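Participant: with the sequence up front, the predicted model follows.
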Amino acid sequence: MKVAIDLTALMPKTTGIDTYLMEMVRNLANLDRKSRYTIFLNFADRKRFDGALGENITVRAFCPRFRPARLLFQQAALPFASAFSGYDVIHSPSFLMPWWRGRARHLLTVQDMTFFSMPDLHNRLRGGRLFRKMVGMSIERAHMINVPSETTRRDLLHWFPGVDCDAVRVTPLGISPRFSPASPVEAAANRRRLGLPQRYILYVGTIEPRKNVDALVESYAQLVSEGKLDEHLVLAGARGWDCEGILCRVKAPDLRDRVHLTGYVSDHELPWLYRGASMFVYPSLYEGFGLPPLEAMACGVPVIASAVASLEENLRGAAELIPPLDTAALSRAIERLARDRDYGDKLIGLGIERAAMFRWEETAGRILECYRELA
């Protein structure tokens, strides 16, 4: 079997989708040493897999990261390469597939459908009609579609009822073993090394409207004003679009010394950021899967998250779930978790068990089954 995987969508700073792309390839390399794989990358990413893949996997750096160049590669160069290389399967794991399919069978990965259901919560490019049209054409033309949750599958079939439901396969993402609990002594030492406060509530993710960080900040500010909370608030992640309001709010006198913006946190430091937290709060309005709360659980941190979409699907019974727009309910959940140590310990135990159910080798195994069925 000959498979081509388009990883030209990788970004310099790892996001959830980038984590999926990297872990999928690494685990495929461990599972399948007989098939022939070609991984297409940007020039800047040509060394990302150095020494990590088997001899049956070829890495080709094919284009600059500049978006028009990537689209040109995706829509023209990849089909051309396919015609001469005889690929059985082409995997487009980032929403868009080539216009010309050629003789290869195509697997398309769609992480979520918020471009269609919540376009106003995306930037102008991702929320625009042209991008939705391109994603829609890819969905309608793919031979098989891979999604990370039952929620995303239902949403996709709602927006595209003509798609064969048997061709839409659910493949949950995994949690890396590097996300694991640490001793209090180790956690404290690394917390000091990173310059973090002694006790803090943590959010990890891009700071943008869809993540609903403003609700977390307002709930936190209310508890601080009432004198009900000693913990600081740490917001970790890159600044996304339309985040100016949140940045301005956290600089106000009542929050200036209590809310900490770390910016992007490297993969190496991220587990320590989780391990030092008193609790993890993830008030997102929608997730196709939602890696951060499960990573926090794996590190032994109690979690509060929104009772929506895949977050409810993945976390129910192991986290405190609240309506994402109910700031009063969020304040009550934070206060309870800050005061009730027994409840926090219960959520820690349930969270560790839940996170252990999501493994990257299982993700790669399901992807491999899709390749083999298509081929």
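Facilitator: Everything's here; your move.
Participant: show me the helices in the stretch 151-300 of the chain, by range?
Facilitator: Assigned by DSSP state H, counting those that start in this stretch, the stretch 151-300 of the chain shows helices spanning 184-193, 213-225, 244-249, 270-275, 291-298.
Participant: correct me, but Asp254 touches Ala221?
Facilitator: Yes - with contact defined as C-beta atoms under 8 Å, Asp254 and Ala221 form a contacting pair (6.2 Å). Where C-beta positions appear, they are placed from N, C-alpha and C, glycine not excepted.
Participant: quick one: which of the two has more around it?
Facilitator: Taking other C-beta atoms under 10 Å, Asp254 and Ala221 do not tie; Ala221 has more neighbours (21 against 12).
Participant: who's in contact with that one?
Facilitator: 249, 254-255 (C-beta atoms under 8 Å, 6 or more residues apart in numbering).
Participant: again, 7 Å this time
Facilitator: Taking C-beta atoms under 7 Å, 6 or more residues apart in numbering, we find Ala221 in contact with 254-255.
Participant: just the pLDDT for it.
Facilitator: Turning to Ala221, the model gives it a pLDDT of 94.
Participant: distance of it relative to Thr327?
Facilitator: 10 Å (C-beta to C-beta, to the nearest Å).
Participant: do the same with Thr171
Facilitator: Taken as C-beta to C-beta, the span from Thr171 to Thr327 is 34 Å.
Participant: same question for Val59.
Facilitator: 47 Å.
Participant: likewise Leu233?
Facilitator: To Thr327, Leu233 is 14 Å away according to C-beta to C-beta.
Participant: what about these two, which has more around it?
Facilitator: Leu233 (25 against 21).
Participant: which ones are touching the more buried one?
Facilitator: Counting by C-beta under 7 Å, 6+ apart, Leu233 has contacts 200-201, 220, 258-259.
Participant: change it to 6 Å
Facilitator: 201, 220, 259 (C-beta atoms under 6 Å, 6 or more residues apart in numbering).
Participant: also Ile304?
Facilitator: 281, 320, 333.
Participant: which of these tops the neighbour count?
Facilitator: Of the contacts of Ile304, with other C-beta under 10 Å as the count, Val281 tops at 28 neighbours.
Participant: for the spatially closest residue to that one that is not a sequence neighbour, what are phi and psi?
Facilitator: Closest residue to Val281 apart from its sequence neighbours, by C-beta to C-beta, 6 or more residues apart in numbering: Ile304 at 4.7 Å. Main-chain torsions, Ile304, degrees, to the nearest 10: phi -120, psi 130.
Participant: ok, back up a step: include distance to Pro161 when you put the helices of the stretch 151-300 of the chain into a markdown table, please.
Facilitator: Conversion of those to a markdown table gives the following (distance: least, C-beta to C-beta, whole Å):
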| stretch | distance to Pro161 |
| --- | --- |
| helix 184-193 | 49 |
| helix 213-225 | 33 |
| helix 244-249 | 37 |
| helix 270-275 | 39 |
| helix 291-298 | 29 |
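Participant: lowest average pLDDT across these?
Facilitator: Taking the mean pLDDT of the helices of the stretch 151-300 of the chain, helix 244-249 comes last: a mean of 88.
Participant: contacts for the lowest-mean-pLDDT helix or strand in the chain?
Facilitator: One helix or strand of the chain scores below all others by mean pLDDT, DSSP states H and E: helix 78-85, with a mean of 78. Where contact means C-beta under 6 Å, 6+ apart, the residues beyond helix 78-85 that reach it are 90, 98, 100, 102, 104.
Participant: I'd like the next helix or strand past that helix.
Facilitator: strand 89-92 (DSSP states H and E).
Participant: sheet partners, orientation included, of that next one?
Facilitator: Sheet pairing here is set by DSSP bridges, and for strand 89-92 it gives strand 2-6 (parallel), strand 105-109 (parallel).
Participant: report the residue spans of the stretch 101-250 of the chain with pLDDT below the cut-off.
Facilitator: Along the stretch 101-250 of the chain, the model assigns pLDDT under 70 to no residue.
Participant: strands of that one, residue ranges please.
Facilitator: Along the stretch 101-250 of the chain, the stretches classed as strands by DSSP state E, counting those that start in this stretch are 105-109, 144-147, 168-170, 200-204, 232-236.
Participant: so which of the contacts of Ile304 sit within strands?
Facilitator: Using DSSP state E, the subset of those located in strands is 281, 320.
Participant: and this structure, what are its domains?
Facilitator: Listed by automatic domain parsing, the domain ranges of the chain are 2-174+359-374, 184-355.
Participant: how long is the first one end to end?
Facilitator: When the termini of domain 2-174+359-374 are compared using C-alpha to C-alpha, to the nearest Å, they are 11 Å apart.
Participant: tell me how far that domain lies from the chain's centre.
Facilitator: Domain 2-174+359-374 sits 14 Å away from the centroid of its parent chain (C-alpha atoms, centre = their mean, to the nearest Å).
Participant: any idea which of the helices of the stretch 151-300 of the chain is most buried?
Facilitator: Mean neighbour count (mean count of other C-beta atoms under 10 Å) peaks for helix 291-298 among the helices of the stretch 151-300 of the chain, with a mean of 26.
Participant: contacts for that one?
Facilitator: For helix 291-298, contacts defined as C-beta under 6 Å, 6+ apart pick out 16, 175, 179, 204-205, 274, 280, 282, 303, 305, 315, 351, 354-355, 358.
Participant: may I have the phi/psi pair for Leu285?
Facilitator: phi -80, psi -20.
Participant: kindly apply the preceding question to Cys370 instead.
Facilitator: phi -60, psi -40.
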